[in-house]
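Asker: just coords:
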């Protein structure tokens, strides 16, 4: 899989406009951004829990 060129990006944007319409695309992008932020937040919280004190994780299990 290679890099996307300008032609491919224009084609993808055109197809998105046809399927969703110009008004719906910002809403979709905003929802995607919120989902990514929530996922990153959950990953960071999990990493913080694991690195802060592994004994707490054992206590939560048992």
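Answerer: On my side now, so go ahead. Note that this is a predicted model, so its numbers are computed, not measured. Numbering: from 1, shown residues only.

Asker: Can you pull the phi/psi pair for the one residue sitting closest to the centre of the chain?
Answerer: The residue lying closest to the centre of the chain (Cα atoms, centre = their mean) is residue 36, at 2.6 Å. When read as degrees, to the nearest 10, the backbone of residue 36 gives phi -60, psi -40.

Asker: so what does whichever strand or helix holds residue 37 touch, helix or strand wise?
Answerer: Element membership for residue 37, per DSSP states H and E: helix 24-52. In terms of contacts (3 or more Cβ pairs under 8 Å, 6 or more residues apart in numbering; DSSP states H and E), helix 24-52 is packed against helix 6-20, helix 54-61. C-beta here means a position set from N, CA and C on the backbone, and glycine is covered the same way.

Asker: worst average pLDDT in these?
Answerer: Least confident of the helices and strands packed on helix 24-52, judged by mean pLDDT, is helix 54-61 with a mean of 62.

Asker: how near is the residue nearest to the centre of the chain to residue 24?
Answerer: To residue 24, residue 36 is 19 Å away according to Cβ to Cβ, to the nearest Å.

Asker: What of residue 43?
Answerer: From residue 43 to residue 24 the distance is 29 Å (Cβ to Cβ).

Asker: same question, residue 9
Answerer: Taken as Cβ to Cβ, the span from residue 9 to residue 24 is 19 Å.

Asker: same check, this time on residue 5
Answerer: For residue 5 relative to residue 24 (Cβ to Cβ), the value is 26 Å.

Asker: okay, the two: which has more neighbours?
Answerer: Per other Cβ atoms under 10 Å, whichever of residue 5 and residue 24 has more neighbours is residue 24, with 12 against 9.
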